[in-house]
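# sequence below, structure please.
(2 chains)
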Amino acid sequence: MDFGFSLSPSSAVNLDTVDLSLFRKVEARCPDIRTCIGCGSCSATCMASAWSGMSVRQVILALQRGQLRQVEQKLSACMLCGKCTMVCPRGINTRNLILAVSREFKKEEAQ
Amino acid sequence: MREVGQFEYFVIPFLFGMAFVLGYCIIGMVRVILELPQCDRRRFFISLITPKTIWKNIRDIFLNCLIHVKLWKRKPLLGFMHSSIAFGWFMLILIGHIQVLWFIPGRIHTFYHAIFFNFFVEETEPSVAGAVLAFLMELSLLLVLTGIGLAMVKRVASLLFGMRRTTRPSLLDRVGLYSLWAIFPLRLLCEGFVAHVSGGSFLTLPLNWVFRQFLSNPDNMVLTWWGYSLALCVFMCVLPFTRYMHIPAEMLLIPVRNAGIKIRHPRKGFAKLEYYSCPGCGVCIDACPMSVKKANIKDATVYLNRQLRRGNEKRIEEISDKCLLCGKCTALCQVGCQGPELRVAQRSLRTYGLTPDYAALPLDGIKERLAGEGEVLYFAGCMTQLTPAISRATESVLRKAGVPFKRMDPMGEEGLCCGRPLLMAGRTDAARELMARNRELILASGCKTLLLSCPICYRVFAEEYDLPGVRVVHHSVYFEELAAAGRLAIPRLSQRPLVYHDPCELGRGCGIYDEPRSLLGRVGRVVEGEKHHEQAICCGGSLGSLSLGFDKRKDMTLNALRNLCVEDPEAIVTACPLCESSFARYADRPVRDIAEVVDAAVPASAPHPADVLAQK
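Numbering: from 1, shown residues only, chains lettered A, B, ... in the order given. Below is the predicted model of the structure:
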């Protein structure tokens, strides 16, 4: 029966059950991921954000929430230009972080 | 001269070593040549029969392998030490063969008669030729012995030789080193024992006289000849597994490089030849900007080459990822081993689970923006967007010179990266995809000149892009041309001292050193840092390093700044946005891009008369 509306699936993230394996692997390669304060400087300067929604801040957030498809969708536009590294107030080596995610990422796990 | 013997058992170790090393090198050479891609192999063979390259090969092999010119330029004592061993040894072998040809021509095919000549001959009557050859022989031996004496001193006092730090030799390197040191004193002893029979010259005859004062049993001397032969055998048997492999490898490296071949595979062909040609001298340790304060010493190119030979993947990855790719090790390297290129090749071995996809790029929108008239297309680049003063100054100078231009990546609009950061990270496929899109945009704009502010962009556009009919130019070169043509009226204001910092990518990368200096000379007095031109020190901000964090780069930047400020300049001028922001973080004086300095010097005046006429 069509009511003209439908229920959208819950977007709640249960932090006790999410799969953090990718985050842990990236953390091992790039420990400074833990020092991110989520200021968004990286997103503000990103050359790719205007046309793709790329944002390192959101990638880190998605990693911590186990939302792998979001990680993939955002990171695939990265051109590795390094502006985010230059502006990060915490000195996080974001290029290293992006490469670490790209290396540890497995497509089949994201499905 | 008369032959007194044909064979003695002590020549067997020498012959064994000789056969082993020759066999190993020939098989290695064939393998390396077979590993080259087919087009490169053909190119190599063609170069071997082209007169111009034949001459270049001979000259380079003579100057580099025997004379070690680059080391002479660096420090004469260091050059003398190396060339006395290499050239002296070469002369010993050459004159030894001439002696055999002259006196016992029937024995030229035995190999060992040239090496143990004095043992197998007796001087029946003195001759001029014999005396001259013996003199030359002992002069060469003296040269080698001097070199070996210096090499021993260098092990304890390398600073005398202009090297603050040297490589730590591996175990086999030590075996090779000590057997090399043993060869020549043993040879002197051997020839000293027999000089009264075989004849000799200024070294062996006096030695022989001393020996005969207290030695009577001639059987003792055969033992010394055994020692000499065994030292040669040990050296030749360990040679392929030590740094001394550079001796045969470099002789192949030079013709292959002169044929214009580049690294195509991280471990095969040319790359393999490069890391086997590394003599392990350690000049790159002092050269490396990362080695300041004794940090990262084990990450110099010499250790990369050693780990590549050993196949230690973990260390190869660490060393390759850390490097800033500034290229100074290549500039100073005696054999010209391309450290940065080797590292980028290793990076390209990685596999990634996530591949970039630039399909969403709004190319049409950018093309629309780029449509219309314009002579110059200005691409500021990502890094210049973080230092907007540079792009503002560049635009202002263009306006003052009356050059119509279009901006490819205006502030706040969509822009693309040039692709070089991806190339540096070894992600070649992604870089090519991005570059294809950039190319499309540039060709669609219809501009004839592509102006770049960032040397990183400039290098990739100049080297990797195929842009027919478009001139790729860096702003420092372009402004110098404008000034030289009189389109930029720069009043000579002052004699204030300005130091110019050579950005790695612009200087060592593209060989642009003079234009920025002569442009700067129009504005002030150019002074130099302690190290400049191809020896300039990287600012530490390079995008080349993947794993080096900001906290670890501070010492490098401070070191580069100290180097620039030896003449106490009023300001530090550079031509790279990345250098500018790295220096500005810690500098005690203003740091400016060359565009800013020029813009400040050119008064904002009416447009150029030629442009006014054109508009009418």
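# going forward, measure contacts and count neighbours with C-alpha atoms only.
Noted.
# tell me which parts of the stretch 501-616 of chain B are close to chain A?
B:543, B:546, B:547, B:548, B:549, B:550, B:551 (CA under 8 Å from any CA of the partner chain).
# rebuild those as a markdown table, extending it with pLDDT.
Listed next are those as a markdown table, based on pLDDT from 0 to 100:
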| residue | pLDDT |
| --- | --- |
| B:543 | 92 |
| B:546 | 93 |
| B:547 | 91 |
| B:548 | 91 |
| B:549 | 86 |
| B:550 | 84 |
| B:551 | 85 |
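# residue B:522: neighbouring residues, count only.
Neighbours of residue B:522 under the rule other CA atoms under 10 Å in any protein chain shown: 21.
# next: residue B:469.
Residue B:469 has 11 nearby residues by other CA under 10 Å.
# so which helix or strand takes in it?
For residue B:469, there is no helix or strand it lies in under DSSP states H and E.
# same question, the one 10 residues further on
For residue B:479, the element it lies in under DSSP H and E is helix B:475-484.
# for the helix or strand just after that helix, packing partners?
As assigned by DSSP H and E, the chain's next helix or strand after helix B:475-484 is strand B:497-500. Contact here means 3 or more CA pairs under 8 Å, 6 or more residues apart in numbering or on different chains; DSSP states H and E; on that basis strand B:497-500 packs against strand B:525-527, strand B:571-574.
# could you export the ones you listed as CSV, including mean pLDDT and mean neighbour count?
Listed next are the helices and strands packed on strand B:497-500 as CSV, based on pLDDT from 0 to 100; neighbours: other CA atoms under 10 Å in any protein chain shown:
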stretch, mean pLDDT, mean neighbour count
strand B:525-527, 93, 19
strand B:571-574, 96, 25
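# what's the closest of those to residue B:349?
Proximity of these to residue B:349 was assessed by CA to CA; the nearest stretch is strand B:571-574, lying at 34.2 Å.
# list of residues touching the closest one?
Outside strand B:571-574, the residues that touch it by CA atoms under 8 Å, 6 or more residues apart in numbering or on different chains are B:497-503, B:564, B:580, B:589-594, B:597.
# tell me the spacing between residue B:555 and chain A.
15 Å (CA to the nearest CA, to the nearest Å).
# from what I can see that residue touches residue B:292, true?
Yes: counting by CA atoms under 8 Å, residue B:292 is a contact partner of residue B:555 at 6.9 Å.
# for the helix or strand of chain A at the bottom of the mean pLDDT ranking, name the packing helices and strands.
Here the helix or strand of chain A ranked lowest by mean pLDDT, DSSP states H and E is helix A:107-110, holding a mean of 73. Here helix A:107-110 is seen to pack against helix A:68-75 when contacts are counted using 3+ CA pairs under 8 Å, 6+ apart.
# now the helix it packs on: buried residues?
A:68, A:70, A:71, A:72, A:73, A:74, A:75 (16 or more other CA atoms under 10 Å in any protein chain shown).
# can I get that helix in PDB? Just the C-alpha atoms.
C-alpha atoms of helix A:68-75 as PDB (Å, rounded to 0.1, in the frame of the first residue of the first chain):
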ATOM      1  CA  LEU A  68      33.300   2.600   4.700                       C
ATOM      2  CA  ARG A  69      31.300   3.600   1.700                       C
ATOM      3  CA  GLN A  70      31.500   7.200   2.700                       C
ATOM      4  CA  VAL A  71      35.200   6.900   3.100                       C
ATOM      5  CA  GLU A  72      35.400   5.500  -0.500                       C
ATOM      6  CA  GLN A  73      33.100   8.100  -2.000                       C
ATOM      7  CA  LYS A  74      35.000  11.000  -0.500                       C
ATOM      8  CA  LEU A  75      38.500   9.800  -0.900                       C
END
